[in-house]
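**Q** here is the input, now give the coordinates:
(2 chains)
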Protein chains: 2
Amino acid sequence: MLTNHIPIYMQIADDIRNKILNEEYKINSKIPTEDMIVEQYDVSRMTGRQAVTELVNEGLVYRVHGKGVFVSRKKLERNLNRLNGFYEDMKEKGYTPGSKIIKFHKRLPTQREQHILLMKSNQEVYYIRRIRYIDDIPIALQSLIVPVHRVPNLDCIDLNQRSFYSYLEENGTPLKKAEQRMEAIMAPEIANEMDISPKLPFFYFERISCDKNEVPLELLSSYFRGDQYSYAITLYRD
Amino acid sequence: MLTNHIPIYMQIADDIRNKILNEEYKINSKIPTEDMIVEQYDVSRMTGRQAVTELVNEGLVYRVHGKGVFVSRKKLERNLNRLNGFYEDMKEKGYTPGSKIIKFHKRLPTQREQHILLMKSNQEVYYIRRIRYIDDIPIALQSLIVPVHRVPNLDCIDLNQRSFYSYLEENGTPLKKAEQRMEAIMAPEIANEMDISPKLPFFYFERISCDKNEVPLELLSSYFRGDQYSYAITLYRD
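**A** Here you go, the predicted model:
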């Protein structure tokens, strides 16, 4: 094993990264083309490409086919250390969350919903399908399923103006705990419904949230845009 | 707001899901085509398609262009509630983790690495790039960066045969805490390096792990295949 110097492409990436962090290259502005990098740093085309790829992989810049490479907007960062709703989490960070309700009705539960929400086949659920926005940008598509007998007046609440989770608290049925499964997927039909490119990857979450008696109160399926959203979590070893 | 019955497409999805869970439809076998669903359930093509899309979105089945829809292998599920390494986590679940080292050398740190790992520009790092496998299937590509002066004998360890994290414990420098950022991204160059389809989405993780004195010991960048991997986390509200 030999002692190596820093690969040239990483040095170039370092240099461009610094210019992005210093805001010499601003959000949505173009960074130097590969041709310019080749000339400016006197390197091969391959090295220039590797430098750009490094920054693309970090999410700092994005490629637009046939147009060039541009500085990314910083992704919204959401914390995964606490059971939070989108509305309260975004409010807390100083954003103005919005939403558009696509569907809001009562219906009987599917077999899967009966199983997950511990319901009988003749007990109804609320089904609420929403696109969530920040600054008028569609960020997520969520389907919320709630047993009607647990939150009977949910149809009287303006969920555009307040947090569902804080409503549950005032309603005397606060959430305590949730089990969440997370995937990275393509979902062209969902992208289509959100009017965004079908080539964008999503975080897919399925969350089952329970009250203090471990009784499930919501089944939440969320598709969050991978290009707009990131998650931060603090992990401990013991 | 009217009381609704369960949409037909969800009832069909329920039916097919049950057959998958009962193993009537086995892993990698074909589920009924849209034509067959249309005939069997006497529904429109649109409804048949929605039923299948529902199951695709749940990750239970996958489409192969021009061939049909097949039952997915259950994704590997990793727990996000504790700071674990891939090796120890997979071992604990009964899998046999493997890895292929692509690069393993010492070099000087980039500016970004100096900043994150609190290092001087003349202090070296180990740079280890590996593809991680389960049952000979490539699952992840990881780049691990470790300050040489903190773990001087890392080049004497066979990282294919043991966990880096448990080595650190025996070495007297156990990890205590990590900050992790997670993204859902496309990474065609990484897919290429792993010899898998460039159309698959990835989970991208960047983890900075510290010892009990909050001194950073590793900078780990990981690309996990979205089609093979999922994460589970338990969240609490207080």
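
**Q** skipping its backbone neighbours, what lies nearest A:Arg132 in space?
**A** Spatially, and ignoring its direct neighbours in sequence, A:Arg132 is nearest to A:Ala140 (4.3 Å; C-beta to C-beta, 6 or more residues apart in numbering or on different chains). Where C-beta positions appear, they are placed from N, C-alpha and C, glycine not excepted.

**Q** one more: A:Asn79?
**A** Nearest to A:Asn79 is A:Ala232, by C-beta to C-beta, 6+ apart, at 5.6 Å.

**Q** what packs against the helix or strand containing that neighbour?
**A** For A:Ala232, the host element (DSSP states H and E) is strand A:229-236. Here strand A:229-236 touches strand A:76-79, strand B:175-186, going by 3 or more C-beta pairs under 8 Å, 6 or more residues apart in numbering or on different chains; DSSP states H and E.

**Q** would you mark the buried spots in the last one?
**A** Yep, that's strand B:175-186 we're talking about. Buried residues in strand B:175-186, counted by 16 or more other C-beta atoms under 10 Å in any protein chain shown: B:Leu175, B:Lys176, B:Lys177, B:Ala178, B:Gln180, B:Arg181, B:Met182, B:Glu183, B:Ala184, B:Ile185, B:Met186.

**Q** swap in the first one?
**A** Buried residues in strand A:76-79, counting neighbours by 16+ other C-beta under 10 Å, are found at A:Leu76, A:Arg78.

**Q** list the contacts of the residue nearest to A:Asn79.
**A** Residues near A:Ala232 by C-beta atoms under 8 Å, 6 or more residues apart in numbering or on different chains: A:Glu77, A:Arg78, A:Asn79, A:Leu80, B:Glu179, B:Gln180, B:Arg181, B:Met182.

**Q** partner residues bridging it?
**A** A:Asn79, B:Arg181 (DSSP bridges).

**Q** ok so, going back, output the buried residues of strand B:175-186 as CSV; include the columns pLDDT.
**A** Compiled in CSV, the buried residues of strand B:175-186 are given as follows (pLDDT from 0 to 100):
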residue, pLDDT
B:Leu175, 97
B:Lys176, 97
B:Lys177, 97
B:Ala178, 97
B:Gln180, 96
B:Arg181, 93
B:Met182, 94
B:Glu183, 92
B:Ala184, 94
B:Ile185, 91
B:Met186, 89
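
**Q** among the residues you listed, which two are most distant?
**A** B:Lys176 and B:Met186 (33.7 Å; C-beta to C-beta).

**Q** who does the residue nearest to A:Asn160 when sequence neighbours are not counted form a beta bridge with?
**A** Nearest in space to A:Asn160, with sequence neighbours left out and distances taken as C-beta to C-beta, 6+ apart, is A:Ser99 at 5.4 Å. Beta bridges link A:Ser99 to A:Arg132 when assigned by DSSP bridges.

**Q** quick one: A:Ser99 from chain B, how far?
**A** For A:Ser99, the distance to chain B equals 17 Å [C-beta to the nearest C-beta, to the nearest Å].

**Q** and for that residue, the neighbour number?
**A** Per other C-beta atoms under 10 Å in any protein chain shown, the neighbour tally for A:Ser99 reads 19.

**Q** list the residues that contact it.
**A** Taking C-beta under 8 Å, 6+ apart as the test, what A:Ser99 contacts is A:Tyr87, A:Arg130, A:Ile131, A:Arg132, A:Tyr133, A:Leu159, A:Asn160.

**Q** buried subset of those residues?
**A** Counted by 16+ other C-beta under 10 Å, these give A:Tyr87, A:Arg130, A:Ile131, A:Arg132, A:Tyr133, A:Leu159 as buried.

**Q** nearest to B:Arg150, of the contacts of A:Ala232?
**A** Distances from B:Arg150 to those, taken by C-beta to C-beta, are shortest for B:Glu179, at 17.6 Å.

**Q** apart from its chain neighbours, what residue comes closest to that closest one?
**A** B:Ile208 (5.2 Å).

**Q** list the beta-bridge partners for the one you found.
**A** B:Glu179, B:Leu219.

**Q** circling back to that earlier point, contact partners for the residue nearest to A:Arg132?
**A** A:Phe86, A:Ile131, A:Arg132, A:Ser222, A:Tyr223, A:Phe224, A:Arg225, A:Tyr229.

**Q** sec struct for A:Met46, please.
**A** Taking DSSP: H, G, I helix; E, B strand; the rest coil as the rule, one finds A:Met46 in the helix state.

**Q** any idea how far it is from chain B?
**A** Following C-beta to the nearest C-beta, the distance that separates A:Met46 from chain B is 12 Å.

**Q** neighbours of that residue, how many?
**A** Number of residues near A:Met46 (other C-beta under 10 Å) recorded here: 11.

**Q** quick one: low-confidence parts of chain A?
**A** Within chain A, the set of residues satisfying pLDDT under 70 comprises A:1-4.

**Q** now do the strands in it.
**A** For chain A, the strands defined by DSSP state E occupy A:3-4, A:61-64, A:68-71, A:76-79, A:97-107, A:125-134, A:137-147, A:175-186, A:201-211, A:216-225, A:229-236.

**Q** ok, A:Arg237 - how many residues close by?
**A** 17.

**Q** enumerate every residue touching it.
**A** With C-beta under 8 Å, 6+ apart, A:Arg237 has these contacts: B:Arg82, B:Leu83, B:Tyr165, B:Pro174, B:Leu175, B:Lys176, B:Lys177.

**Q** cool, A:Arg150 as well?
**A** A:Thr173, A:Val215, A:Leu217.

**Q** next one: A:Gln40
**A** A:Pro32.

**Q** now swap in A:Arg225 and tell me
**A** Contacts of A:Arg225 by C-beta under 8 Å, 6+ apart are A:Pro138, A:Ile139, A:Ala140, A:Met194, A:Ile196, A:Leu200, A:Phe202.

**Q** beta partners of it?
**A** A:Phe202.

**Q** again with A:Leu141
**A** With DSSP bridges as the rule, A:Leu141 is bridged to A:Ile131, A:Tyr223.

**Q** ignoring the adjacent residues along the chain, who's closest to A:Met10?
**A** B:Thr110 (5.1 Å).

**Q** the one you found contacts A:Tyr9, doesn't it?
**A** No. Using C-beta atoms under 8 Å, B:Thr110 makes no contact with A:Tyr9, being 10.4 Å away.

**Q** let me see the contact set for the closest residue to A:Arg49 other than its chain neighbours.
**A** Among residues not flanking A:Arg49 along the chain, A:Glu34 sits closest, at 5.8 Å (C-beta to C-beta, 6+ apart). Applying C-beta under 8 Å, 6+ apart, we find A:Glu34 in contact with A:Arg45, A:Gly48, A:Arg49, A:Val52.
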